[in-house]
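> Here is a sequence together with a model predicted from it:
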Amino acid sequence: MLRIEHEILLWLQRHRSEFGNTFWWTITQTGYSRMWLPFCAFLTLLPVTQQFRLPLWNALGIQAVFVHVLLKKGMKRSRPFDACPEIVPVGKRPKDWSFPSGHTCITFVTAFIFLQYGSFLGPVLLAYACMVAFSRLYLGVHYPTDVLGGILLAILILALTCLFWL
């Protein structure tokens, strides 16, 4: 399986362009929690998000614990560029562990909460979350299973949040 993931990342690397590098790097930068959390704070100030402010922040808190405390430190999966020297990442090399993709998880958690509560922003945030997930692969900083793990974890977090808040 790891060989297939390396091949996918190497294929993406062979098809990079200057425009693509800049575009996907910009998309991925907005998925960092230091950018994403202020954006979520702004969104939850809108009157239309009043009914799901607390569930959203609850879900984001669960996401932080699962991703950064339990899974990344527990799994200790190397980044693709560390395991396969042919993979050259675009931009700065992340120094933490690879699994799961925190960028993917945080953006999908947000999108799923907005979808769950019927917000008109849900589909837009879902499309954006897909772009963030792809950017992590394009830039060579995550394996496809890291991204998939982030999405599946976001679904689990949505289910836990719904159990508590609905």
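The structure has been received and is ready for your questions.
> okay, CA-based contacts and neighbour counts for the rest of this
Will do.
> residue nearest the centroid of this protein?
By C-alpha atoms, centre = their mean, the chain has its centre lying nearest to Thr104, at 1.2 Å.
> Secondary structure class of Arg77, three-state.
Here Arg77 is recorded as coil under DSSP: H, G, I helix; E, B strand; the rest coil.
> Can you verify my assumption that it contacts Asp96?
No - taking contacts as C-alpha atoms under 8 Å, Arg77 lies outside contact range of Asp96: 9.2 Å.
> neighbour-wise, which of those two wins?
Arg77 (18 against 13; other C-alpha atoms under 10 Å).
> Would you mind measuring from that one to Phe42?
Between Arg77 and Phe42 the computed distance is 34 Å (C-alpha to C-alpha, to the nearest Å).
> and if you look at Gly31?
For Gly31, the distance to Phe42 - C-alpha to C-alpha - is 15 Å.
> low-scoring stretches of the chain, by residue?
Applying pLDDT under 70 to the chain flags residues 166.
> And the helices in it?
Counting by DSSP state H, the chain has helices at residues 2-14, 18-30, 33-44, 53-64, 72-75, 80-83, 102-116, 122-138, 144-165.
> Tabulate those helices (CSV), appending distance to Gly91.
Converted to CSV, these look like this (distance: least, C-alpha to C-alpha, whole Å):
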stretch, distance to Gly91
helix 2-14, 13
helix 18-30, 7
helix 33-44, 17
helix 53-64, 24
helix 72-75, 21
helix 80-83, 12
helix 102-116, 15
helix 122-138, 11
helix 144-165, 18
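> winner for burial among the ones you listed?
Most buried of the helices of the chain by mean neighbour count (mean count of other C-alpha atoms under 10 Å) is helix 102-116; its value is a mean of 25.
> now for it, which elements pack on it?
helix 33-44, helix 53-64, helix 122-138, helix 144-165 (3 or more C-alpha pairs under 8 Å, 6 or more residues apart in numbering; DSSP states H and E).
> okay, those helices in TSV with distance to Trp11 next?
Output for those, formatted as TSV (distance: least, C-alpha to C-alpha, whole Å):
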stretch	distance to Trp11
helix 33-44	28
helix 53-64	31
helix 122-138	9
helix 144-165	13
